[in-house]
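I'd like to go over a predicted model; first the sequence, then the structure.
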Amino acid sequence: MTTRVPFPKLLSSQIAFDIARSMLDGFDKHYRLFRHSSKTAKRHFELGAWPTAQQAARERIGYYDQRVQERVHILEDEYTPEELTDSVWREVKLHYIGLLSNHKQPELAETFFNSVSCQILHRTHYNNAHLFVRPVVSTEYLETEELVPTYRAYYPAADGLRFSLRRIVTNFQLDAHFANLDRDIGQVQARMEEFFGLSKLESNQQLQVLSSLFFRNKGAYIVGRAINGAREYPFVIPILHNRRGQLVLDTVLTDPDQITLLFSFTRAYFLVDMEVPSAYVQFLRSLMPRKPRSEIYTILGLQKQGKTAFYRDYLQHLKHSSDYFQISPGIRGLVMLVFELPSFPYVFKVIKDFFPPPKETTRAQIKEKYMLVKHHDRVGRMADTLEYSNVAFPLARFSEELVAELLQDCRSQVDIEDDRLIVRHLYIERRMVPLNIFLANAQAAGNEAMIEHGIIEYGNAIKDLIAANIFPGDMLYKNFGVTRQGRVVFYDYDEIEYITDCNFRDIPQARNEEDEMAAEPWYPIGKHDVFPEQFDKFLLGNEKIRHYFMKHHAELLTRAYWQSHKERIQAGEVEDVFPYPQHIRFCNQTTTTPAVYTPPYLENYHNE
């Protein structure tokens with residue numbers, strides 16, 4: 001017997017339709033401003049206006065929240081809580097779905113709807129039926145309505161590789177002079193022929209290139225894939241300014257790992273003009289199939305969509321796993337309680353209620369530090385964080401010990417409701433091996449190459465942070481992590497400061513024997529005073545670590561090194577921090593390829 005499904009009643013609420021239309025208007029305004037910021041990045045690059053470009057990139061991060069708050073205020077002013085009944089809000093969602101039928105960013109618009117809805121609806125009215133828990137409108141086969149397609153195809157078999165590469169570069173119509181484009185094209189051609197075998201023409205040879213440049217910091221990037229027969233090869237061509245302000249093709253990235261590092265979660269977001277962002281995400285996933293879709297959305301500057309996609313992945317993982325949440329291994333922090341699900345490659349961080357000495361901070365200050373990192377250039381050395389509120393975890397997946405620790409250290413942030421443990425505010429970061437554990441394992445194994453690699457990377461991480469105007473504050477090894485590819489990344493932000501706010505000093509000469517023997521410093525110390533020569537007391541107690549640190553990074557123990565970088569930053573200089581190895585740059589062709597050491601037990605970690 002066939003079950004009869006009643007025909008749905010016609011949508012009848014004018015209020016519901018008006019709210020849906022208003023919410024979509026709010027999103028459309030947001031995305032217009034988002035695209036405008038991405039378009040102006042091209043002009044900033046052409047002019048070499050680096051401080052302006054960095055400021056614009058920071059401001060763009062706040063666009064989404066500004067538009068959400070703006071729409072919330074508009075709707076709260078126009079409608080009373082009594083008008084926003086469950087039945088009305090269900091119709092709002094249905095009208096909204098209808099309005100998205102021909103939209104070019106439907107997945108982003110659904111996330112915007114969720115953001116506004118969660119703020120307008122009182123918590124007692126919160127219901128998943130009101131939200132887009134899963135995407136409703138498909139993004140498959142969305143086509144741009146603009147004259148510029150998502151990507152352009154070039155045919156070396158017909159036109160020749162050199163001519164095709166020239167067309168790729170010139171089609172972007174950069175309003176700046178190339179120093180020697182013919183020379184650069186020749187070097188790109190030689191590299192691609194070497195790595196892709198493009199000199200051996202197949203019948204369907206193509207170069208497919210995304211139609212918008214990717215801008216970040218002082219670089220513009222051409223992103224594409226080479227198709228030769230049945231094989232596909234990703235490539236990225238960075239465009240930089242030389243010292244005379246002329247453009248150069250700096251290299252061509254052909255190694256998938258190097259391309260993955262370019263799109264790492266430890267770097268600032270790209271500015272890219274995209275009418276159909278899902279098409280860009282799909283293209284990039286073909287280049288980096290191991291990178292989650294959520295991270296690709298995030299690195300494109302669509303961090304709210306990245307959060308939405310991440311949370312959906314997390315919920316799906318919970319359904320198909322059975323392991324238990326546990327305290328993360330390593331030295332317990334004074335500020336954060338950190339726990340993890342072993343089968344899931346992320347950690348969850350909750351700010352504690354009390355901070356024992358010597359910590360002198362507040363919850364508000366810690367949030368400000370994390371927000372500083374979110375808006376700052378992370379130069380490949382600071383992990384991006386996902387910030388969430390009111391996250392419900394299945395209580396049955398928590399041990400009694402972990403629950404007790406959460407209730408003891410983070411009581412103000414934790415509620416237990418029926419079978420759920422709800423955390424009011426937390427940060428989620430990619431899991432890494434703490435550097436102190438990495439070095440301890442290396443010493444236990446007697447692996448000096450591993451120790452040296454860890455210390456080289458540690459010092460390089462600090463130097464990159466200095467170039468980005470960041471002083472880590474707490475430089476202990478436990479505050480740094482090692483990624484799957486063996487890179488050292490900083491992830492503890494509660495004590496970071498701008499380099500320009502620090503006062504770098506030498507320790508004064510003792511006036512007498514009593515000064516030398518004093519248990520406490522006899523000289524006054526200001527809040528922002530830093531004494532680099534003291535770093536060795538808490539960093540270099542181990543003989544082997546000291547040997548490799550002094551071999552590669554002894555300058556970090558001198559005031560002169562830190563002060564010289566501070567003065568350059570104060571003078572407005574924006575230092576180059578390259579998101580790819582120096583030895584592959586065309587200007588460094590004679591440099592030998594350095595060995596890259598990846599410890600065997602890091603091989604199972606996910607890509608950056």
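Yep, that arrived.

residue contacts, Glu82?
With contacts defined as CB atoms under 8 Å, 6 or more residues apart in numbering, Glu82 is in contact with no residue. Where C-beta positions appear, they are placed from N, C-alpha and C, glycine not excepted.

tell me the buried residues in stretch 467-475?
467-475 (16 or more other CB atoms under 10 Å).

need the residues you listed in CSV (columns: pLDDT, distance to Pro358 and secondary structure).
Listed next are the buried residues of stretch 467-475 as CSV, based on pLDDT from 0 to 100; distance: CB to CB, whole Å; DSSP: H, G, I helix; E, B strand; the rest coil:
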residue, pLDDT, distance to Pro358, secondary structure
Ala467, 92, 28, helix
Ala468, 91, 26, coil
Asn469, 94, 25, coil
Ile470, 94, 21, strand
Phe471, 95, 17, strand
Pro472, 92, 16, coil
Gly473, 89, 12, coil
Asp474, 87, 10, coil
Met475, 92, 15, coil
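
now, which of these sits nearest Tyr280?
For these, the residue nearest Tyr280 by CB to CB is Ala468; the value is 26.4 Å.

dump the residue contacts of the closest one.
Counting by CB under 8 Å, 6+ apart, Ala468 has contacts 376-379, 381, 575, 577.

out of those residues, who's the most crowded?
Counting neighbours by other CB atoms under 10 Å, Arg381 leads those with 28 neighbours.

is it true that Gln443 touches Ile451?
Yes - counting by CB atoms under 8 Å, Gln443 touches Ile451, with 6.5 Å between them.

neighbour count: the two, which is higher?
Ile451 (21 against 16).

what's the spacing between that one and Leu439?
6 Å (CB to CB, to the nearest Å).

what sits in contact with each of these two?
Joint contacts of Ile451 and Leu439 (CB under 8 Å, 6+ apart) are Ile545.

list the helices and strands the one helix or strand Tyr233 maps to packs on?
Using DSSP states H and E, Tyr233 maps to strand 231-241. Where contact means 3 or more CB pairs under 8 Å, 6 or more residues apart in numbering; DSSP states H and E, strand 231-241 is packed against helix 161-170, helix 181-196, strand 219-228, strand 247-249, helix 256-262, helix 277-287.

what angle separates the second one from helix 161-170?
Just to be clear, that refers to helix 181-196. Interaxial angle of helix 181-196 relative to helix 161-170 (axes from the mean of the first three to the mean of the last three CA atoms, to 10 degrees): 120 degrees.

same question for helix 181-196: list its buried residues.
181, 184-185, 187-189, 191-192, 196.

closest one of these to Thr483?
Checking the buried residues of helix 181-196 one by one against Thr483 (CB to CB), the nearest turns out to be Arg191, at 26.1 Å.

quick check: the gap between Asn542 and Val488.
17 Å.

Lys463 is nearest to which of the helices and strands packed on strand 231-241?
Closest among those, once you apply CB to CB, is helix 256-262, at 17.2 Å.

using CSV, write down the CA coordinates of that closest one.
The C-alpha trace of helix 256-262 is given here as CSV (Å, rounded to 0.1, in the frame of the first residue of the first chain):
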residue,chain,number,x,y,z
PRO,A,256,52.5,19.2,-4.9
ASP,A,257,54.0,19.5,-1.3
GLN,A,258,55.3,23.0,-2.1
ILE,A,259,51.9,24.1,-3.5
THR,A,260,50.2,22.7,-0.4
LEU,A,261,52.6,24.8,1.8
LEU,A,262,51.7,27.9,-0.2
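
please enumerate residues in contact with that helix?
Contacts of helix 256-262 (CB under 8 Å, 6+ apart): 221, 234-236, 253, 287-288, 290-291, 380, 485, 487, 579-581, 584, 607-608.

hmm, back to that, tell me the buried residues in the strand holding Tyr233?
Going by 16+ other CB under 10 Å, strand 231-241 has these buried residues: 233-241.

got a list of contacts for stretch 133-151?
97, 100-101, 103-104, 106-107, 110, 208-212, 224, 275-276, 278-280, 283, 312.

now, these that are in helices?
Residues of the contacts of stretch 133-151 located in helices (DSSP state H): 97, 106-107, 110, 278-280, 283, 312.

filter those residues to the buried ones?
97, 106-107, 110, 278-280, 283, 312.

rebuild the residues you listed as CSV, extending it with pLDDT and distance to Phe538.
Listed next are those as CSV, based on pLDDT from 0 to 100; distance: CB to CB, whole Å:
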residue, pLDDT, distance to Phe538
Ile97, 94, 57
Pro106, 96, 52
Glu107, 96, 47
Glu110, 95, 49
Ser278, 96, 48
Ala279, 95, 50
Tyr280, 97, 45
Phe283, 96, 47
Arg312, 93, 42
